[in-house]
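> The sequence and its predicted three-dimensional model are supplied below.
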Amino acid sequence: MRITDSISQAFLNLRQKKLRTFLTTFGVVIGIGALVCMFAFGQGIQQSITENFEKMELFHYITVFSATDRQSSRFDHHDYDPDEPDLAEPPAAGDDSPGPILDDALIERIRRLPGVETVFAEIRFPILVRFGGRENFCLAQVLDAEVCRSGLLQLRAGDYYSDQDPNGLLVRDSLLRRLRIRDPQAALGQTLELCSLRIDLGILNPWKLAAIWRGERLPFSTESYRFQVRGVTGRSGTGGAVPIRSDVFLSPRAARPIKKINLTSLREFFPSPDQARGYSTLSVKVAGMEDIETVQGQLDDWHLNTFALIDRLEEFKKGFLFMDMFLFAIGMIAITVAALGIINTMTMSILERYKEIGIMKAVGAAHRDVKTIFFFECGAIGLLGGLFGLLLGIAVSLIINQVINHFAVQQGNPYMDYFRFPAWLCLGGIAFSILISLLAGIYPTYRAAAVDPVVALRHD
Amino acid sequence: MNDASWIITSDLTKVYQTASVRLAALQGVNLRLGRGRFIGITGASGSGKSTLLNLLGGLDRPTRGTISVAGESISGLGRRELSLYRRHRVGMIFQSFNLIGSYTAADNVALPLLFDGVPKKLRRQRAAALLEEMGLADRMHHRPAELSGGEQQRVAIARALVNRPAILLADEPTGNLDSKTSLRIVTQLAHMQQGQNLTVLMISHEQALLKMVAHEIYCLEDGRIIEQETLRSEP
Ligand SMILES: Nc1ncnc2c1ncn2[C@@H]1O[C@H](COP(=O)(O)OP(=O)(O)OP(=O)(O)O)[C@@H](O)[C@H]1O
Ligand SMILES: [Mg+2]
């Protein structure tokens, strides 16, 4: 028997029993639809999250912590000479010795490592921005002009500030919108008033504490400073371990006069006599994700405490794997039911076509020919079920995607494709459908081929 | 092997073993049939006629004894070879026509060619030619349910002959037909038999019909041949 004949024979036979074929195939369609939909969801979530992280360049950052923040071990008076930044060998330190201090010299050393794009200290503080009678509470971040220029911040209007600029700053466009400034160009040169908050150390004074207690004054002092908008940035990664967005950027020189609470370290709440401790956190941005490992290895060799989100990616993926497995289990139940449907239908069909099988054998059909006919029928059910199941899966997921996004966007989340249909999923879905149908057809096919023509043809 | 003893059965025995009963449907049948002969088989119901035909047609295997056709042992063939024997050497027709109800007349006739891997176009041509020969040119695309009994049997004959077999086995082909139609079918069979040098074995209860066309008539009883009558010696 020719392959083409087997195929057309299969479809011919299926067409004879349209309703039954439809119902059986529908079972497969539901099963495959569910399975494909669920895989697509697993894929979509995983990819969307990974892509969004990548867009924010979160995977390009290594965060370096000062030893006290993570180990609470005592500092040595171990320091680096800023005049001798070429100190090639790592600081001699045993396992229990604290790491080096996060100061400008260390920043310089890290910056020179191959693969490192920029290094900057994480200095952020909360600030109240006033403009035209409006106020907005946001985060200010201190960045060297050079770091800004290194591609960390993309400009939408204006220019970067310079390191010498005592009162220039960059604002994010979203802050402008909150301040009702529509056009980024219009913001350039405008004066913003920044109000800083600082815990009033006067609370240590019992008299003042009493005044605070009586509600006559607040436990922090505010002070306001005037700055000019030099430039406007759009969406860009200013990462670190935690993707907090800063809305205002200014140079160390401009930030120096501001009395502030540094958000990145509780330690900064309390003034320390030992200013040589350096920064609490550094952010290291590498050129590509492949550089993370070597740079992080080097930093580890220097006994620095590091964190890279990419380390967590594997854990993330493991989490997704569990979700995928759960969804797979549900889909498999649906497909098992569909397979039972195929077995039932095909067995029924054999009983019905008992005589037909006998006739075929009498006119010369070999054992194999009978098997082929039934096998192709099962395969055809699988093919149709797979194709329409895929279409159903795509259709349903489009609807679900719209519904999820309707609510997600309302709550301020970005529009996301929660379902993905990579080629392997589409083809794999159809192939799986055919495979399951063929497996379901093994028993009926065997039964069909075993029909004894003498018995089948003896009287009606 | 020669044309005079083209089909040979020796000690052909078929025993049906059901749960408790052991039934010998055929008990040592010895036949020597010449090529191109029209052979009639008759006998009471249950005498083993169909059983004999099924064994000769390769649909079943004997419990004991051998069959050889053109010097080739049929009883020794494997499953696959037996199906090829049925496909190429034998055509069968039945009392109840045994057409596939969902196929058209043409598709029914072409069915044996399907398993032989004959291309669709050729299958169509062969089926059309045979149906035309059977006088059914205008019934090609009818389904069996839309045909009369006689027409159905002619479709069945066309199907039996589509692979140009050497042997045609007919199990009471006129059993469901009125006498006029029966006559037509039998004359048509005889015509085919002469034209294609077919060896025909036809079971029938109607002695008169057999006597019109058959060269020899065998009579079975309890699985044994009890009588043989030669009507014509010319093939
Ligand atoms: N598959 C079977 N199992 C058991 N017994 C069978 C089987 N097939 C036939 N027989 C028995 O074998 C005997 C011969 O049957 P067969 O069909 O050959 O008779 P027949 O001569 O063709 O009769 P009829 O003229 O009624 O068709 C019968 O008694 C029948 O009951
Ligand atoms: Mg019979």
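Perfect, thanks for sending it. Ligands and ions are numbered 1, 2, ... in the order given.

> Can you give the domain ranges for chain A?
Domain segmentation of chain A under automatic domain parsing yields A:3-54+A:316-458, A:59-310.

> which stretch in these is the model least sure about?
Ranked by mean pLDDT, the domains of chain A bottom out at domain A:59-310, with a mean of 73.

> Which residue lies closest in space to A:Gln46, excluding its sequence neighbours?
A:Phe320 (4.6 Å; CB to CB, 6 or more residues apart in numbering or on different chains). The way it works is simple: take the backbone N, C-alpha and C, and place the C-beta from them, glycine included.

> Right, and chain A sits closest to which residue of chain B?
Nearest residue of chain B to chain A (CB to the nearest CB) works out as B:Arg87 at 2.5 Å.

> Assign a three-state SS to A:His332, would you?
You called it His, but residue A:332 is Met. Judged by DSSP: H, G, I helix; E, B strand; the rest coil, the three-state class of A:Met332 is helix.

> wait, it sits on A:Ile32?
No - using CB atoms under 8 Å, A:Met332 makes no contact with A:Ile32, being 11.2 Å away.

> So which of the two has more stuff around it?
A:Ile32 (30 against 16; other CB atoms under 10 Å in any protein chain shown).

> List the contacts of that one.
Applying CB atoms under 8 Å, 6 or more residues apart in numbering or on different chains, we find A:Ile32 in contact with A:Ile335, A:Ala338, A:Gly385, A:Gly386, A:Gly389, A:Leu390, A:Leu392, A:Gly393, A:Gly429, A:Ile430, A:Phe432, A:Ser433.

> nearest residue to it other than its sequence neighbours?
In space, A:Ile32 is closest to A:Gly389, 2.8 Å off (CB to CB, 6+ apart).

> what comes up buried for stretch A:120-137?
Neighbour-count burial for stretch A:120-137, counted by 16 or more other CB atoms under 10 Å in any protein chain shown, picks out A:Phe120, A:Ala121, A:Glu122, A:Ile123, A:Arg124, A:Phe125, A:Ile127, A:Val129, A:Arg130, A:Phe131, A:Asn136.

> State the phi and psi torsions of the third one.
A:Glu122 has phi and psi values of phi -80, psi 100 when expressed as degrees, to the nearest 10.

> and the gap between it and A:Phe307?
12 Å (CB to CB, to the nearest Å).

> Overlap of the contact sets of these two?
By CB under 8 Å, 6+ apart, the residues touching both A:Glu122 and A:Phe307 are A:Thr63.

> quick revisit: residues in contact with the host helix or strand of the residue of chain B closest to chain A: which ones?
Assigned by DSSP states H and E, B:Arg87 belongs to helix B:79-88. Applying CB under 8 Å, 6+ apart, the external contacts of helix B:79-88 come out as A:361-369, B:57-59, B:69, B:74, B:77, B:112, B:115-116, B:163, B:165.

> and that helix, how far from the chain's centre?
15 Å (CA atoms, centre = their mean, to the nearest Å).

> Let me know which of the domains of chain A is tucked in deepest.
Among these, domain A:3-54+A:316-458 has the highest mean neighbour count (mean count of other CB atoms under 10 Å in any protein chain shown), at a mean of 18.

> ends of that one, how far apart?
31 Å (CA to CA, to the nearest Å).

> Ligand 1 contacts on chain B?
B:Tyr16, B:Thr18, B:Leu23, B:Ala25, B:Gly43, B:Ser45, B:Gly46, B:Ser47, B:Gly48, B:Lys49, B:Ser50, B:Thr51 (CB under 6 Å from any ligand atom).

> Then chain A?
So far as CB under 6 Å from any ligand atom goes, chain A lies against ligand 1 at A:Val455.

> Give me the most central residue, chain A.
A:Ile49 (1.9 Å; CA atoms, centre = their mean).

> Which neighbouring residues are in contact with that one, exactly?
Taking CB under 8 Å, 6+ apart as the test, what A:Ile49 contacts is A:Phe316.

> sec struct for it, please.
Applying three-state DSSP: A:Ile49 is helix.

> Can you show me the helices along chain B?
Using DSSP state H, the helices of chain B run over B:49-56, B:79-88, B:105-115, B:120-133, B:149-161, B:179-196, B:207-213.

> likewise the stretch 351-460 of chain A?
A:354-362, A:367-410, A:423-449, A:453-457 (DSSP state H, counting those that start in this stretch).

> Would you mark the buried spots in the helix holding B:Arg87?
Those would be B:Leu82, B:Ser83, B:Leu84, B:Tyr85, B:Arg86, B:Arg87, for helix B:79-88 by 16+ other CB under 10 Å.

> what separates the residue in chain A positioned nearest to chain B from ligand 1, distance-wise?
Going by CB to the nearest CB, chain B is nearest to A:Gly364 of chain A, at 2.5 Å. Note on A:Gly364: its distance to ligand 1, by CB to the nearest ligand atom, to the nearest Å, is 21 Å.

> repeat for A:Leu175
92 Å.

> contact partners of stretch A:250-261?
A:123, A:125-127, A:140-145, A:161-170, A:194, A:196-199, A:221, A:223, A:225, A:227, A:268-269.

> cool, stretch B:186-196 as well?
B:36, B:38, B:134, B:154, B:157, B:161, B:164, B:168, B:170, B:173-174, B:198-200, B:202, B:209, B:212-213.

> Which residue lies nearest the spatial centre of chain B?
Short answer for chain B (CA atoms, centre = their mean): B:Leu169, at 1.1 Å.

> Now render the buried residues of stretch A:120-137 as CSV, adding distance to A:Tyr443 and secondary structure.
Output for the buried residues of stretch A:120-137, formatted as CSV (distance: CB to CB, whole Å; DSSP: H, G, I helix; E, B strand; the rest coil):
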residue, distance to A:Tyr443, secondary structure
A:Phe120, 68, strand
A:Ala121, 70, strand
A:Glu122, 66, coil
A:Ile123, 71, coil
A:Arg124, 68, strand
A:Phe125, 73, strand
A:Ile127, 74, strand
A:Val129, 74, strand
A:Arg130, 79, strand
A:Phe131, 77, strand
A:Asn136, 70, strand
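
> Tell me the one of those nearest ligand 1?
A:Glu122 (90.2 Å; CB to the nearest ligand atom).

> wait, isn't the closest one in contact with A:Gly278?
No - contact criterion CB under 8 Å: A:Glu122 and A:Gly278 do not qualify, at 11.9 Å.

> Now the residue in the stretch 301-450 of chain A that ligand 1 sits nearest to. Nearest residue, chain neighbours left out?
Ligand 1 sits closest to A:Gly358 of the stretch 301-450 of chain A, with a gap of 12.5 Å, by CB to the nearest ligand atom. The spatially closest residue to A:Gly358, leaving aside those adjacent along the chain, is A:Ala456, at 2.5 Å (CB to CB, 6+ apart).

> Report the contact partners of that neighbour.
A:Tyr354, A:Lys355, A:Ile357, A:Gly358, A:Ile359, A:Lys361.

> Any chance of CSV for those residues, columns distance to B:Ala105?
Formatted as CSV, these follow (distance: CB to CB, whole Å):
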residue, distance to B:Ala105
A:Tyr354, 22
A:Lys355, 18
A:Ile357, 20
A:Gly358, 19
A:Ile359, 14
A:Lys361, 21
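
> Beta-bridge partners for the residue nearest to the centre of chain B, please?
Per DSSP bridges, the residues bridged to B:Leu169 are B:Met92, B:Leu201.

> From what I see, it and B:Phe94 are in contact.
No - the criterion here is CB under 8 Å, and B:Leu169 misses it with B:Phe94 at 9.3 Å.

> For the closest residue to B:Leu122 other than its chain neighbours, give me its contacts.
Excluding the flanking residues, the one nearest B:Leu122 by CB to CB, 6+ apart is B:Leu113, at 7.4 Å. By CB under 8 Å, 6+ apart, the contact list for B:Leu113 reads B:Leu122, B:Arg123, B:Arg126, B:Ala127, B:Val162, B:Asn163.
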